[in-house]
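K.L.:
here's a sequence, model it:
(one chain, ligands or ions: 1)
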Amino acid sequence: MAVQLGTAAGLTGEDLETLHIAAHLHDIGKIGIPDAILSKTGKLTESEMKIVQTHPVLGSTILRSSPTLVNVARLVLHHHERWDGGGYPSGLAGTAIPLGSRIVAICDAIDAMLTDRPYRKGMCWEQCAEEVLRGCNRQFEARLARLVIENPLRRVFWEYYQTIALFTEPIICFSNFGKKLPHLPPD
Ligand SMILES: [Fe+2]
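P.N.:
All right, here's what the predicted structure looks like:
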């Protein structure tokens with residue numbers, strides 16, 4: 001999904017490959033967060049939230065131990081920044097946030113919206129698209145949000161989630177078998 005959006009946003013070659021790796025490893029820092037916090041179904045306390053918010057720095061530190069992953073580490077470090085500067089860990093805003101991190105951020109948010117969580121059901125595509133548009137110039141860069149919503153990317157995203165729901169989730173989580181698929185996005 002991130003590679004599709006990165007390509008549409010103009011990334012090529014090594015930059016696209018760096019994005020690809022960062023998208024897979026963006027939450028690697030959660031390995032250092034206690035399971036009791038990660039699997040908590042209720043609202044996190046302020047101190048628990050602060051602990052969760054250390055995961056981009058932890059992930060970046062892990063990746064920087066390999067000289068070949070320094071650029072990946074930079075994207076991972078900033079994947080929770082917001083376009084309006086209200087994110088973490090650095091509070092970067094706008095184009096000061098690496099493009100790859102902006103792409104991972106919007107794909108991560110879409111993934112969170114479309115999939116079931118212990119505390120709520122996943123949204124249908126239409127609801128998700130509305131949320132993405134609502135987040136324009138606040139959480140997300142408007143240009144990237146438009147690329148996600150417009151054809152043909154929205155169809156690529158939807159088909160990805162249909163595939164995940166049909167094949168992956170029944171294998172990794174039998175309780176999800178037969179879950180309701182997101183609605184086909186309108187043309
Ligand atoms: Fe994250």
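K.L.:
could you use CA atoms for every contact and neighbour count after this?
P.N.:
Noted.
K.L.:
what helix or strand is L19 on?
P.N.:
For L19, the host element (DSSP states H and E) is helix 13-25.
K.L.:
buried sites along the helix or strand that comes right after that helix?
P.N.:
Using DSSP H and E, the helix or strand that follows helix 13-25 in sequence is helix 35-38. Using 16 or more other Cα atoms under 10 Å as the test for burial, helix 35-38 gives I37.
K.L.:
residues of the following helix or strand past helix 35-38 that come out buried?
P.N.:
Next helix or strand after helix 35-38 toward the C-terminus (DSSP H and E): helix 46-52. Neighbour counts over helix 46-52 (16+ other Cα under 10 Å) mark V52 as buried.
K.L.:
do stretch 125-135 as well
P.N.:
Neighbour count says stretch 125-135 has W125, C128, A129, E131, V132, L133, G135 buried, by 16+ other Cα under 10 Å.
K.L.:
in helices, which of these fall?
P.N.:
W125, C128, A129, E131, V132, L133 (DSSP state H).
K.L.:
what residue is smack in the middle of this protein?
P.N.:
Compute the mean C-alpha point of the chain, and by Cα atoms, centre = their mean the closest residue is D108, 1.1 Å away.
K.L.:
rewinding a little: of the ones in helices among the buried residues of stretch 125-135, the lowest pLDDT goes to which?
P.N.:
Lowest pLDDT within these is found at W125 (81).
K.L.:
from L114, how far off is that one?
P.N.:
Per Cα to Cα, to the nearest Å, W125 is found 7 Å from L114.
K.L.:
and the angle for the lengthiest helix in the chain with helix 13-25?
P.N.:
The longest helix of the chain (DSSP H) is helix 99-114. Here helix 99-114 runs at an angle of 40 degrees relative to helix 13-25 (axes from the mean of the first three to the mean of the last three Cα atoms, to 10 degrees).
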